[in-house]
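Asker: got a sequence here, can you model it:
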Amino acid sequence: MDNNSRQAPPYTNTMSISDREFAQLRNLIHERFGINLTDQKRSLLVGRLQKLMRNLGLSTFSAYFDYLVGDKTERSLGELVDLISTNHTYFNREKDHFDYFAETALPATINKLRQQNCKELRIWCAGCSSGEEPYTLLMLMMEHLGTDYSKWDAGILATDISDRALTIARRGVYATERVKQLPENLQRKYFTPAGADNMAVIDKIKKEATFRRFNLMNTCFPFKKPFHMIFCRNVMIYFDQPTREALVRRYHQCTEPGGYLFIGHSETLGRSQTLYNYLKPALYQKGTL
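Answerer: Numbers count the residues shown, from 1 in each chain. Purely as a prediction, here's the structure:
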């Protein structure tokens, strides 16, 4: 037998997953990340995991499950969530949110804080993906405050479960076509060319974003002070109703009275929730004391 005949066969879509194996992985993913994988996502799960499993030398999904639960470092869980999460976003996605932020929510919050003789503005992007959302908000904050920005304790906390997405966000380099979704004045002022087809966020903006890995399924959020605004857009679409309701309760506990919660336009808190006041589609406000 020559060497060629002993080579591994080419990568093919041949792995299968049993009902029990799928249930094991689905329950683990739901428990750890809140993501609700329906039966329709079964083939997607197989397709996204099998190459990783081959590289690990694992031939069954039961063996992969054992590998996950046996890894005390939880790095393997990080790999898993990177593979199953979409992280699809772009600059100025759902533009009316940014318009409302710049024209209404931010000026109202700044005026309220000035009346309180306070210059600490707290904003959290929960599920920040690859960074387009927090960077855009920072640009709008700097535009609104101008030279006064340096006198404020502002910046943005941006969190995500995906290490892959956070690596992109910290780097702050994006395809030029994606940056073109922003108004031209923001492109000129807050980006520099980075090669033929890329644009880089300037350091003045990057240093104002604090990127952290954070799991929204943590039952207790560790923040010492509540936020004036929380952005959690196009994240809860992956959660079932009980998971969404529990997360919204935690958000509410972390929101300042009068603070805002932005969610994705394909999402809703439902008419039965009474924690936040409805302002407009995908936008809510916590009542004042």
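
Asker: now do the buried residues in the lowest-mean-pLDDT helix or strand in the chain.
Answerer: Within the chain, judged by mean pLDDT, DSSP states H and E, the helix or strand with the poorest mean is helix 75-84; its value is a mean of 84. Across helix 75-84, burial judged by 16 or more other Cβ atoms under 10 Å covers 76-84. Using the backbone N, CA and C atoms, a C-beta is placed for each residue, glycine as well.

Asker: so which of those residues is the closest to Leu68?
Answerer: Comparing these against Leu68 with Cβ to Cβ places Ser76 closest, at 5.3 Å.

Asker: so how far is Asp163 from the residue nearest to that closest one when sequence neighbours are not counted?
Answerer: Excluding the flanking residues, the one nearest Ser76 by Cβ to Cβ, 6 or more residues apart in numbering is Leu68, at 5.3 Å. For Leu68, the distance to Asp163 equals 16 Å [Cβ to Cβ, to the nearest Å].

Asker: more crowded one of the two?
Answerer: For Leu68 versus Asp163, neighbours defined as other Cβ atoms under 10 Å are more numerous around Leu68 (18 against 13).

Asker: so which strand or helix has that one?
Answerer: Element membership for Leu68, per DSSP states H and E: helix 61-70.

Asker: from the rest of the structure, what touches that helix?
Answerer: For helix 61-70, the external contacting residues (Cβ atoms under 8 Å, 6 or more residues apart in numbering) are 15, 17-18, 20-22, 24-25, 28, 49, 53, 56, 58, 76-77, 80.

Asker: now it: buried residues?
Answerer: The neighbour-count criterion (16+ other Cβ under 10 Å) identifies 61, 64-65, 68 as the buried residues of helix 61-70.

Asker: output those residues as TSV; include the columns pLDDT.
Answerer: Shown next, in TSV, are the buried residues of helix 61-70 (pLDDT from 0 to 100):
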residue	pLDDT
Phe61	94
Tyr64	94
Phe65	93
Leu68	92
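
Asker: Asn277 and Leu269 touch, don't they?
Answerer: No - the pair formed by Asn277 and Leu269 falls short of the contact definition of Cβ atoms under 8 Å, at 10.5 Å.

Asker: need the residues touching each of these two.
Answerer: Tyr284.

Asker: the least confident helix or strand of the chain: how far from the chain's middle?
Answerer: Counting by Cα atoms, centre = their mean, to the nearest Å, helix 75-84 is centred 15 Å from the centre of its parent chain.

Asker: give the other helices and strands that it contacts.
Answerer: helix 19-33, helix 42-56, helix 61-70, helix 163-171 (3 or more Cβ pairs under 8 Å, 6 or more residues apart in numbering; DSSP states H and E).

Asker: ok and it relative to helix 42-56, angle-wise?
Answerer: With axes from the mean of the first three to the mean of the last three Cα atoms, to 10 degrees defining the directions, helix 75-84 sits at 140 degrees from helix 42-56.

Asker: could we number from 14 for the rest of this?
Answerer: Shifting the count to begin at 14 puts that one at helix 88-97.

Asker: and helix 88-97, C-alpha only, in PDB?
Answerer: In PDB, the C-alpha atoms belonging to helix 88-97 read as follows (Å, rounded to 0.1, in the frame of the first residue of the first chain):
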ATOM      1  CA  ARG A  88     -12.300  27.000  26.300                       C
ATOM      2  CA  SER A  89     -14.100  24.300  24.400                       C
ATOM      3  CA  LEU A  90     -17.400  26.000  25.300                       C
ATOM      4  CA  GLY A  91     -16.000  29.200  23.900                       C
ATOM      5  CA  GLU A  92     -15.200  27.400  20.600                       C
ATOM      6  CA  LEU A  93     -18.700  26.000  20.600                       C
ATOM      7  CA  VAL A  94     -20.500  29.300  21.000                       C
ATOM      8  CA  ASP A  95     -18.200  30.900  18.300                       C
ATOM      9  CA  LEU A  96     -19.400  28.200  15.900                       C
ATOM     10  CA  ILE A  97     -23.100  28.400  16.600                       C
END
